[in-house]
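> got a predicted structure plus its sequence, pasted below:
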Amino acid sequence: MYKRLKILVILLISALVSFILYGSSVFLITTINTMKERELFCDEKPLTLYQPTQSCRTTIVTAYYVIKSKYPKEDYIDWIANFLSLKDCMVVYTSTELYQTIKSLRPDWFPLKIIVKNLEDLHLYQALTPEEWGEQERMDRELPNGHNRLLYIIWNEKSHFLHDVALFNPFHSEYFLWLDMGALRHNRFNGKFLMQSNLPAEKGILLLEINPFHEEELILENGICNTDFSKVERIGGGTIGGDLESIRKWTSYYFTVFRRYLSEGKFVGKDQNMMATVCIETDICLIVKPTSPWEGNRWFFLQDYFLGRHNQKPYRLNITENREYLTVSD
């Protein structure tokens with residue numbers, strides 16, 4: 001009787017051990033297969049690709065807020081999905097209600113920092129009173145095209161966004177690029193690194209030339225450019241690149257010009273107007289002239305430029321004639 005009981009216990013233990021080993025092997029095989037499927041999907045090794053201590057040479061900075069626009073929201077969602085498929089390190093400013101939308105459109109293993117900052121908390125939202133923003137709307141000749149005070153606020157906030165990210169530098173980068181989130185209106189770059197080449201060798205703020213400056217626009221009176229850029233297009237505002245030092249100086253001078261425009265009763269809604277003035281007065285701008293002929297949309301030329309498809313060297317506006325490189329207090 002005792003021997004039979006002993007044999008029964010041994011058989012039960014053997015069966016239990018076999019069951020545990022079998023279950024472990026099934027779990028291991030399933031885990032390995034799942035990892036392989038995930039690797040095939042992203043064409044990378046997601047468990048090791050982006051560690052918390054990762055450094056990226058360039059950080060892309062952008063923002064998305066729902067405001068009145070000439071384009072339907074559905075178009076923006078498609079463009080944002082294209083944008084968020086880029087593998088570059090990325091910081092996105094957005095509102096509380098859009099946090100999950102941004103998070104869901106970005107692959108989990110791609111580097112992303114989302115900063116929740118609602119519209120009413122932005123610097124420019126509080127810079128003018130509602131009455132003053134209303135006056136800016138009355139000055140805007142493009143108001144029928146969908147322009148409004150919230151758009152002005154976001155346009156002018158770009159320099160603050162870029163400056164703040166460059167300061168806290170979550171990805172330990174040496175270069176920072178503002179890129180409008182609605183700028184990727186195709187899927188040709190999906191799943192790629194955008195910032196592959198053509199980072200400037202010298203310090204400065206890299207911008208796109210939309211149309212060349214005219215000679216009479218470059219005149220300085222006591223160091224001040226009095227040209228009215230509200231009716232012409234010279235500099236593109238959708239892409240702004242620079243190192244930390246240059247971004248700090250750019251931001252300081254940009255808002256010096258912003259305040260001067262206000263005091264002179266000029267239109268401050270469109271950032272490109274003040275960007276042109278800053279470029280002329282400071283020598284800080286490195287300007288890229290699109291290839292001619294250029295078949296694509298000229299406003300988006302810098303995307304192909306950073307991908308290395310065009311290699312022209314940016315030129316610096318040396319209007320101030322040997323003036324020491326921008327000495328504005330930070």
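Looks like it arrived, so ask away. Numbers count the residues shown, from 1 in each chain.

> which helix or which strand is home to Asn156?
helix 149-168 (DSSP states H and E).

> how far does that helix sit from the chain's center?
Averaged C-alpha coordinates place helix 149-168 at 10 Å from its chain's average position (CA atoms, centre = their mean, to the nearest Å).

> report the buried residues of that helix.
149-166 (16 or more other CB atoms under 10 Å). C-beta: built from backbone N, CA, C; applies to glycine.

> what comes into contact with it?
59, 61-63, 65, 67-69, 91, 93, 119, 122-125, 127, 133-134, 136-137, 176, 178, 237, 240, 242-244, 247-248, 250-251, 254-255, 258, 268-271 (CB atoms under 8 Å, 6 or more residues apart in numbering).

> could you pull out the helices for the stretch 1-150 of the chain?
Assignment of helices within the stretch 1-150 of the chain using DSSP state H, counting those that start in this stretch yields the ranges 2-42, 46-49, 73-84, 99-105, 130-139, 149-168.

> lowest mean pLDDT across those helices, which one is that?
The minimum mean pLDDT among those belongs to helix 46-49 (a mean of 34).

> so where's the stretch 201-330 of the chain uncertain?
Residue ranges of the stretch 201-330 of the chain with pLDDT under 70: 293-294, 319-330.

> correct me if wrong: Arg185 contacts Ala81.
No: using CB atoms under 8 Å, Arg185 is not in contact with Ala81; the gap is 11.3 Å.

> from the contacts of helix 149-168, which would you call buried?
Buried subset of the contacts of helix 149-168 (neighbour count, 16+ other CB under 10 Å): 59, 61-63, 65, 91, 93, 119, 122, 124-125, 127, 133, 136, 176, 178, 237, 240, 242-244, 247-248, 250-251, 254-255, 258, 268-271.

> so which of those residues sit within strands?
Residues of the buried ones among the contacts of helix 149-168 located in strands (DSSP state E): 59, 61-63, 91, 93, 176, 178, 237, 240, 242.

> and those residues as CSV, adding distance to Phe229?
Conversion of those to CSV gives the following (distance: CB to CB, whole Å):
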residue, distance to Phe229
Thr59, 29
Val61, 24
Thr62, 24
Ala63, 24
Val91, 29
Tyr93, 26
Phe176, 25
Trp178, 19
Gly237, 11
Ile240, 16
Gly242, 21
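
> with respect to pLDDT, which of the residues you listed ranks lowest?
Minimum pLDDT across these falls on Gly237, with 93.
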